[in-house]
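A.B. asks: Sharing a model prediction with you, sequence too.
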Amino acid sequence: MKLFSSVNDVTDVNALVKEALQLKQFPYAYKDLGENKTIALVFLNPSLRTRMSTQKAALNLGMNVMVLNIDKEGWALELRDGAIMNGNTVEHIREAAAVMGQYADIIGVRSFPGLKNREEDYSEMIFNKFVEFCGVPIVSLESATRHPLQSLADLVTIEELKTRARPKVVLTWAPHIKPLPQAVPNSFAEWMCKADVDFTIAHPKGYELCSDFTQGATITHNQEEAIADADFIYVKNWSAYEPYGKVFGGNEDWMLTNDRLKNTNKAKIMHCLPVRRNLELSDEILDGESSVVVHEAANRVWAAQAVLKRMLEGLS
Ligand SMILES: NCCC[C@H](NC(=O)CCC(=O)O)C(=O)O
Ligand SMILES: NC(=O)OP(=O)(O)O
(Lines give C-alpha, C1' and ligand atoms only; values in the text may rest on other atoms or scores of the structure.)
(Ligands and ions follow the chains in the order given, each with its own letter.)
Protein backbone atom coordinates (compact mmCIF):
# COMPACT_ATOMS: atom_id res chain seq x y z
CA MET A 1 0.00 0.00 0.00
CA LYS A 2 1.41 3.40 -1.02
CA LEU A 3 -1.51 5.62 -0.13
CA PHE A 4 -4.07 5.46 2.65
CA SER A 5 -6.44 8.38 2.20
CA SER A 6 -9.84 6.68 1.98
CA VAL A 7 -11.60 3.32 1.98
CA ASN A 8 -11.01 3.26 -1.79
CA ASP A 9 -7.29 2.69 -1.15
CA VAL A 10 -8.07 -0.64 0.53
CA THR A 11 -8.56 -3.69 -1.70
CA ASP A 12 -10.04 -5.93 1.01
CA VAL A 13 -11.59 -4.05 3.93
CA ASN A 14 -12.49 -7.23 5.83
CA ALA A 15 -8.94 -8.51 5.60
CA LEU A 16 -7.59 -5.21 6.95
CA VAL A 17 -10.02 -5.32 9.89
CA LYS A 18 -8.96 -8.92 10.63
CA GLU A 19 -5.32 -7.87 10.45
CA ALA A 20 -5.92 -5.08 12.97
CA LEU A 21 -7.59 -7.54 15.35
CA GLN A 22 -4.69 -9.99 14.92
CA LEU A 23 -2.24 -7.20 15.76
CA LYS A 24 -4.28 -6.39 18.85
CA GLN A 25 -3.69 -9.98 19.99
CA PHE A 26 -0.02 -10.03 19.00
CA PRO A 27 1.23 -6.40 19.01
CA TYR A 28 4.90 -7.30 18.59
CA ALA A 29 4.59 -10.08 16.00
CA TYR A 30 6.19 -7.78 13.40
CA LYS A 31 8.53 -5.82 15.66
CA ASP A 32 11.39 -6.08 13.15
CA LEU A 33 9.42 -5.18 10.03
CA GLY A 34 10.10 -1.46 10.43
CA GLU A 35 13.77 -1.74 11.38
CA ASN A 36 15.73 1.22 9.96
CA LYS A 37 12.55 2.73 8.58
CA THR A 38 11.32 6.16 9.63
CA ILE A 39 7.84 7.65 9.69
CA ALA A 40 7.31 11.42 9.86
CA LEU A 41 3.99 12.55 11.33
CA VAL A 42 3.22 16.07 10.14
CA PHE A 43 0.46 18.05 11.84
CA LEU A 44 -1.08 21.24 10.56
CA ASN A 45 -3.74 20.95 13.31
CA PRO A 46 -3.98 19.65 16.90
CA SER A 47 -4.21 15.94 17.76
CA LEU A 48 -4.08 13.65 20.77
CA ARG A 49 -5.27 10.22 19.59
CA THR A 50 -4.02 10.21 16.03
CA ARG A 51 -0.61 11.43 17.08
CA MET A 52 -0.12 8.98 19.96
CA SER A 53 -1.79 5.92 18.40
CA THR A 54 0.14 6.26 15.14
CA GLN A 55 3.41 6.72 17.06
CA LYS A 56 2.63 3.67 19.16
CA ALA A 57 1.73 1.65 16.06
CA ALA A 58 5.00 2.62 14.37
CA LEU A 59 7.03 1.81 17.50
CA ASN A 60 5.35 -1.62 17.75
CA LEU A 61 6.57 -2.29 14.21
CA GLY A 62 10.12 -1.25 15.12
CA MET A 63 10.05 2.04 13.20
CA ASN A 64 11.67 5.33 14.11
CA VAL A 65 9.20 8.18 14.53
CA MET A 66 9.56 11.90 13.93
CA VAL A 67 6.74 14.32 14.70
CA LEU A 68 6.53 17.82 13.24
CA ASN A 69 3.82 20.23 14.39
CA ILE A 70 4.38 22.22 11.26
CA ASP A 71 1.69 24.81 12.09
CA LYS A 72 3.68 25.87 15.17
CA GLU A 73 7.23 24.64 14.63
CA GLY A 74 7.75 24.83 10.88
CA TRP A 75 8.08 27.79 8.54
CA ALA A 76 4.78 29.25 7.37
CA LEU A 77 3.81 27.19 4.34
CA GLU A 78 2.77 28.56 0.96
CA LEU A 79 0.27 26.29 -0.76
CA ARG A 80 -0.65 28.22 -3.90
CA ASP A 81 1.17 27.48 -7.13
CA GLY A 82 2.68 30.51 -8.79
CA ALA A 83 2.45 32.65 -5.64
CA ILE A 84 4.77 35.62 -5.32
CA MET A 85 5.92 34.93 -1.77
CA ASN A 86 6.31 38.51 -0.58
CA GLY A 87 3.86 38.08 2.31
CA ASN A 88 3.88 35.96 5.46
CA THR A 89 4.53 32.53 3.95
CA VAL A 90 8.20 31.50 3.99
CA GLU A 91 8.43 28.10 2.35
CA HIS A 92 6.48 26.47 -0.46
CA ILE A 93 4.86 23.08 0.11
CA ARG A 94 6.75 21.87 -2.98
CA GLU A 95 10.11 22.11 -1.23
CA ALA A 96 8.83 21.30 2.26
CA ALA A 97 7.15 18.03 1.20
CA ALA A 98 10.05 17.02 -1.06
CA VAL A 99 12.55 17.55 1.76
CA MET A 100 10.45 15.56 4.25
CA GLY A 101 10.43 12.72 1.74
CA GLN A 102 14.24 12.68 1.93
CA TYR A 103 14.14 12.09 5.69
CA ALA A 104 11.21 9.67 5.98
CA ASP A 105 10.16 6.38 4.38
CA ILE A 106 6.49 7.03 5.15
CA ILE A 107 4.76 10.35 5.85
CA GLY A 108 1.53 10.97 7.75
CA VAL A 109 -0.29 14.27 7.27
CA ARG A 110 -3.09 15.97 9.18
CA SER A 111 -4.71 18.93 7.46
CA PHE A 112 -8.21 20.10 8.37
CA PRO A 113 -10.46 22.00 5.95
CA GLY A 114 -10.74 25.78 6.10
CA LEU A 115 -14.55 25.43 5.78
CA LYS A 116 -14.62 28.59 3.64
CA ASN A 117 -14.09 27.29 0.10
CA ARG A 118 -15.80 23.97 -0.56
CA GLU A 119 -14.14 23.36 -3.88
CA GLU A 120 -10.69 23.82 -2.40
CA ASP A 121 -11.43 21.63 0.65
CA TYR A 122 -13.11 18.86 -1.35
CA SER A 123 -10.25 18.80 -3.87
CA GLU A 124 -8.00 17.87 -0.90
CA MET A 125 -5.56 20.48 -2.10
CA ILE A 126 -3.14 20.34 0.85
CA PHE A 127 -3.12 16.56 1.31
CA ASN A 128 -2.74 15.96 -2.42
CA LYS A 129 0.17 18.37 -2.65
CA PHE A 130 1.99 16.33 0.00
CA VAL A 131 1.22 13.19 -2.02
CA GLU A 132 2.47 14.84 -5.19
CA PHE A 133 5.71 16.25 -3.85
CA CYS A 134 6.95 14.02 -1.02
CA GLY A 135 7.73 10.97 -3.18
CA VAL A 136 7.12 8.39 -0.42
CA PRO A 137 4.03 6.46 0.79
CA ILE A 138 1.59 8.68 2.63
CA VAL A 139 -1.10 8.09 5.22
CA SER A 140 -3.91 10.50 6.06
CA LEU A 141 -4.02 11.52 9.71
CA GLU A 142 -7.34 13.28 8.90
CA SER A 143 -7.64 15.45 5.85
CA ALA A 144 -10.20 18.02 4.72
CA THR A 145 -12.86 15.46 3.77
CA ARG A 146 -11.93 12.14 5.40
CA HIS A 147 -10.42 10.48 8.50
CA PRO A 148 -9.71 6.92 7.34
CA LEU A 149 -7.59 5.75 10.31
CA GLN A 150 -10.51 6.73 12.55
CA SER A 151 -13.05 4.95 10.36
CA LEU A 152 -10.97 1.79 10.22
CA ALA A 153 -10.69 1.80 14.04
CA ASP A 154 -14.45 2.35 14.20
CA LEU A 155 -15.12 -0.63 11.97
CA VAL A 156 -12.68 -2.74 14.01
CA THR A 157 -14.59 -1.72 17.15
CA ILE A 158 -17.95 -2.64 15.62
CA GLU A 159 -16.60 -5.98 14.40
CA GLU A 160 -15.23 -6.72 17.86
CA LEU A 161 -18.30 -5.72 19.89
CA LYS A 162 -21.23 -6.67 17.65
CA THR A 163 -23.74 -9.17 19.04
CA ARG A 164 -25.42 -10.04 15.74
CA ALA A 165 -24.05 -10.78 12.29
CA ARG A 166 -25.42 -7.64 10.62
CA PRO A 167 -25.63 -4.94 13.30
CA LYS A 168 -27.67 -1.77 12.95
CA VAL A 169 -25.31 1.20 12.97
CA VAL A 170 -26.61 4.77 13.24
CA LEU A 171 -24.59 7.92 12.64
CA THR A 172 -26.32 10.78 14.43
CA TRP A 173 -25.58 14.48 14.27
CA ALA A 174 -25.05 16.15 17.68
CA PRO A 175 -25.01 19.80 18.75
CA HIS A 176 -21.84 21.92 18.94
CA ILE A 177 -20.98 25.58 19.32
CA LYS A 178 -18.86 26.00 16.22
CA PRO A 179 -18.64 24.77 12.65
CA LEU A 180 -16.80 21.44 12.47
CA PRO A 181 -15.55 19.56 9.40
CA GLN A 182 -17.52 16.83 7.62
CA ALA A 183 -14.41 14.64 7.48
CA VAL A 184 -15.31 12.24 10.29
CA PRO A 185 -18.96 11.66 9.27
CA ASN A 186 -18.07 11.50 5.53
CA SER A 187 -15.43 8.92 6.23
CA PHE A 188 -17.49 6.89 8.70
CA ALA A 189 -20.37 6.82 6.21
CA GLU A 190 -18.09 5.78 3.36
CA TRP A 191 -16.66 2.87 5.39
CA MET A 192 -20.06 1.78 6.74
CA CYS A 193 -21.54 1.75 3.24
CA LYS A 194 -18.89 -0.84 2.32
CA ALA A 195 -19.29 -2.90 5.51
CA ASP A 196 -21.79 -5.65 6.28
CA VAL A 197 -24.00 -3.45 8.49
CA ASP A 198 -27.47 -1.93 8.34
CA PHE A 199 -26.53 1.77 8.19
CA THR A 200 -28.67 4.83 8.95
CA ILE A 201 -27.71 8.51 9.14
CA ALA A 202 -29.83 10.92 11.22
CA HIS A 203 -29.41 14.69 11.18
CA PRO A 204 -31.51 17.85 11.35
CA LYS A 205 -32.61 19.35 8.04
CA GLY A 206 -29.81 21.30 6.41
CA TYR A 207 -26.96 19.00 7.49
CA GLU A 208 -27.10 16.67 4.47
CA LEU A 209 -23.65 15.21 3.78
CA CYS A 210 -22.22 15.11 0.27
CA SER A 211 -23.99 12.17 -1.38
CA ASP A 212 -20.67 10.76 -2.69
CA PHE A 213 -20.10 9.40 0.82
CA THR A 214 -23.56 8.12 1.69
CA GLN A 215 -24.53 5.79 -1.17
CA GLY A 216 -26.56 2.92 0.31
CA ALA A 217 -27.30 4.58 3.66
CA THR A 218 -30.81 5.24 4.97
CA ILE A 219 -31.04 8.98 5.72
CA THR A 220 -33.61 10.52 8.07
CA HIS A 221 -34.31 13.69 10.06
CA ASN A 222 -35.90 11.73 12.90
CA GLN A 223 -33.33 10.68 15.49
CA GLU A 224 -35.78 8.72 17.64
CA GLU A 225 -36.89 6.55 14.72
CA ALA A 226 -33.34 6.14 13.48
CA ILE A 227 -31.93 4.78 16.74
CA ALA A 228 -34.75 2.27 17.36
CA ASP A 229 -33.17 -1.20 17.61
CA ALA A 230 -29.69 0.23 16.95
CA ASP A 231 -26.64 -1.78 18.04
CA PHE A 232 -24.20 1.10 17.63
CA ILE A 233 -24.83 4.84 17.69
CA TYR A 234 -22.00 6.98 16.34
CA VAL A 235 -22.33 10.54 17.62
CA LYS A 236 -20.72 13.46 15.78
CA ASN A 237 -21.32 17.09 15.01
CA TRP A 238 -20.67 18.51 11.56
CA SER A 239 -21.35 21.76 9.76
CA ALA A 240 -23.43 22.03 6.59
CA TYR A 241 -22.12 20.95 3.21
CA GLU A 242 -24.56 23.39 1.57
CA PRO A 243 -24.30 26.30 2.36
CA TYR A 244 -20.77 25.20 3.02
CA GLY A 245 -19.42 25.35 6.59
CA LYS A 246 -22.57 26.94 7.99
CA VAL A 247 -24.36 26.08 11.24
CA PHE A 248 -28.03 26.75 11.94
CA GLY A 249 -29.44 27.63 15.35
CA GLY A 250 -31.48 25.23 17.47
CA ASN A 251 -31.27 21.44 17.45
CA GLU A 252 -29.84 21.35 21.01
CA ASP A 253 -32.33 18.54 21.67
CA TRP A 254 -30.25 16.27 19.41
CA MET A 255 -27.94 15.49 22.38
CA LEU A 256 -28.50 11.87 23.43
CA THR A 257 -29.52 10.93 26.96
CA ASN A 258 -29.91 7.50 28.60
CA ASP A 259 -33.68 7.85 28.36
CA ARG A 260 -33.45 7.99 24.55
CA LEU A 261 -31.50 4.74 24.42
CA LYS A 262 -34.40 2.68 25.80
CA ASN A 263 -35.65 1.54 22.39
CA THR A 264 -32.24 0.53 21.10
CA ASN A 265 -30.70 -2.94 21.10
CA LYS A 266 -28.56 -1.99 24.14
CA ALA A 267 -26.76 0.36 21.78
CA LYS A 268 -23.10 1.05 22.26
CA ILE A 269 -22.25 4.72 21.94
CA MET A 270 -19.28 5.71 19.83
CA HIS A 271 -17.55 9.04 19.28
CA CYS A 272 -14.18 9.73 17.68
CA LEU A 273 -13.23 12.20 20.47
CA PRO A 274 -12.51 14.88 21.51
CA VAL A 275 -16.07 15.28 22.78
CA ARG A 276 -17.58 18.31 24.50
CA ARG A 277 -19.51 16.95 27.47
CA ASN A 278 -23.12 17.95 27.96
CA LEU A 279 -23.13 19.64 24.59
CA GLU A 280 -22.49 16.78 22.15
CA LEU A 281 -22.96 13.92 24.64
CA SER A 282 -24.27 13.83 28.20
CA ASP A 283 -22.15 12.90 31.22
CA GLU A 284 -24.57 10.07 31.99
CA ILE A 285 -23.85 8.43 28.65
CA LEU A 286 -20.10 9.02 28.63
CA ASP A 287 -19.75 7.75 32.21
CA GLY A 288 -22.27 4.94 31.79
CA GLU A 289 -22.16 1.38 30.52
CA SER A 290 -23.18 2.09 26.95
CA SER A 291 -20.16 4.24 26.09
CA VAL A 292 -17.32 2.54 24.20
CA VAL A 293 -15.45 5.73 23.31
CA VAL A 294 -12.24 4.84 25.16
CA HIS A 295 -12.23 1.30 23.78
CA GLU A 296 -12.72 2.82 20.32
CA ALA A 297 -9.79 5.21 20.86
CA ALA A 298 -7.62 2.29 22.02
CA ASN A 299 -8.37 0.53 18.73
CA ARG A 300 -6.77 3.42 16.87
CA VAL A 301 -3.40 1.76 17.56
CA TRP A 302 -4.34 -1.48 15.81
CA ALA A 303 -5.93 0.29 12.86
CA ALA A 304 -2.80 2.38 12.35
CA GLN A 305 -0.56 -0.64 12.85
CA ALA A 306 -2.42 -2.66 10.20
CA VAL A 307 -2.05 0.19 7.70
CA LEU A 308 1.63 0.84 8.47
CA LYS A 309 2.34 -2.89 8.24
CA ARG A 310 0.88 -2.95 4.71
CA MET A 311 2.94 0.10 3.77
CA LEU A 312 6.15 -1.37 5.16
CA GLU A 313 5.52 -4.63 3.30
CA GLY A 314 5.24 -2.56 0.12
CA LEU A 315 8.61 -0.89 0.79
CA SER A 316 10.73 -4.03 1.07
N1 LIG B 1 -9.90 14.25 14.96
C2 LIG B 1 -11.16 14.15 15.49
C3 LIG B 1 -12.08 15.31 15.27
C4 LIG B 1 -11.43 16.60 14.92
C5 LIG B 1 -12.36 17.75 14.71
N6 LIG B 1 -12.89 18.21 15.99
C7 LIG B 1 -12.71 19.43 16.43
O8 LIG B 1 -12.12 20.23 15.75
C9 LIG B 1 -13.28 19.77 17.78
C10 LIG B 1 -13.01 21.19 18.14
C11 LIG B 1 -13.80 21.70 19.31
O12 LIG B 1 -14.58 20.98 19.94
O13 LIG B 1 -13.61 22.89 19.57
C14 LIG B 1 -13.51 17.35 13.78
O15 LIG B 1 -14.64 17.41 14.17
O16 LIG B 1 -13.22 16.99 12.63
N1 LIG C 1 -10.21 11.11 17.00
C2 LIG C 1 -9.10 11.81 16.69
O3 LIG C 1 -8.63 11.84 15.55
O4 LIG C 1 -8.52 12.42 17.75
P5 LIG C 1 -7.36 13.49 17.64
O6 LIG C 1 -7.91 14.66 16.88
O7 LIG C 1 -7.03 13.82 19.08
O8 LIG C 1 -6.21 12.89 16.92
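C.D. replies: Thanks, I have it. Ligands and ions are numbered 1, 2, ... in the order given.
A.B. asks: which residues in the chain form strands?
C.D. replies: 3-4, 38-43, 64-69, 77-78, 91-92, 106-110, 138-140, 168-173, 198-202, 218-220, 232-236, 268-270 (DSSP state E).
A.B. asks: Could you export the ones you listed to CSV, including columns for mean neighbour count?
C.D. replies: C-beta here means a position set from N, CA and C on the backbone, and glycine is covered the same way. Converted to CSV, those look like this (neighbours: other C-beta atoms under 10 Å):
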stretch, mean neighbour count
strand 3-4, 19
strand 38-43, 22
strand 64-69, 16
strand 77-78, 19
strand 91-92, 17
strand 106-110, 26
strand 138-140, 26
strand 168-173, 25
strand 198-202, 21
strand 218-220, 15
strand 232-236, 25
strand 268-270, 26
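A.B. asks: Just send those strands back as TSV, with distance to Val156 and mean pLDDT too.
C.D. replies: Shown next, in TSV, are the strands of the chain (distance: least, C-beta to C-beta, whole Å; pLDDT from 0 to 100):
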stretch	distance to Val156	mean pLDDT
strand 3-4	15	98
strand 38-43	20	98
strand 64-69	22	98
strand 77-78	33	96
strand 91-92	37	98
strand 106-110	18	98
strand 138-140	16	98
strand 168-173	13	98
strand 198-202	16	98
strand 218-220	23	98
strand 232-236	12	98
strand 268-270	11	98
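A.B. asks: Take these and write them to CSV, including distance to Ala20.
C.D. replies: Shown next, in CSV, are the strands of the chain (distance: least, C-beta to C-beta, whole Å):
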stretch, distance to Ala20
strand 3-4, 13
strand 38-43, 17
strand 64-69, 19
strand 77-78, 32
strand 91-92, 36
strand 106-110, 17
strand 138-140, 14
strand 168-173, 18
strand 198-202, 20
strand 218-220, 27
strand 232-236, 17
strand 268-270, 16
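A.B. asks: I'd like to know which of those strands lies nearest to ligand 2.
C.D. replies: strand 106-110 (7.5 Å; C-beta to the nearest ligand atom).
A.B. asks: strand partners of that closest one, parallel vs antiparallel please.
C.D. replies: The sheet places strand 106-110 alongside strand 38-43 (parallel), strand 138-140 (parallel), with pairing taken from DSSP bridges.
A.B. asks: Most remote residue from the middle of the protein, which is it?
C.D. replies: Relative to the C-alpha centroid of the chain, counting by C-alpha atoms, centre = their mean, Asn86 is the outermost residue, at 35.3 Å.
A.B. asks: what residues does the stretch 101-250 of the chain put near ligand 2?
C.D. replies: Counting by C-beta under 6 Å from any ligand atom, the stretch 101-250 of the chain comes close to ligand 2 at Glu142, Gln150.
A.B. asks: Please name the residues that touch the spatially most central residue of the chain.
C.D. replies: In the chain, the residue lying closest to the centroid (C-alpha atoms, centre = their mean) is His147, at 2.4 Å. Residues near His147 by C-beta atoms under 8 Å, 6 or more residues apart in numbering: Ser140, Ala183, Val184, Ser187, Cys272.
A.B. asks: Kindly report the same for Gly206.
C.D. replies: Ala240, Phe248.
A.B. asks: what are the phi and psi values for it?
C.D. replies: Here is the backbone geometry of Gly206 (degrees, to the nearest 10): phi 100, psi -20.
A.B. asks: same thing with Gly87?
C.D. replies: Per degrees, to the nearest 10, the backbone of Gly87 is at phi -110, psi -130.
A.B. asks: Return the distance of it relative to Thr38.
C.D. replies: 33 Å (C-beta to C-beta, to the nearest Å).
A.B. asks: and the residue of the stretch 201-316 of the chain at minimum distance from ligand 1, how many residues sit next to it?
C.D. replies: Nearest to ligand 1 in the stretch 201-316 of the chain, going by C-beta to the nearest ligand atom, is Cys272, at a distance of 4.8 Å. Applying other C-beta atoms under 10 Å, we find 25 residues neighbouring Cys272.
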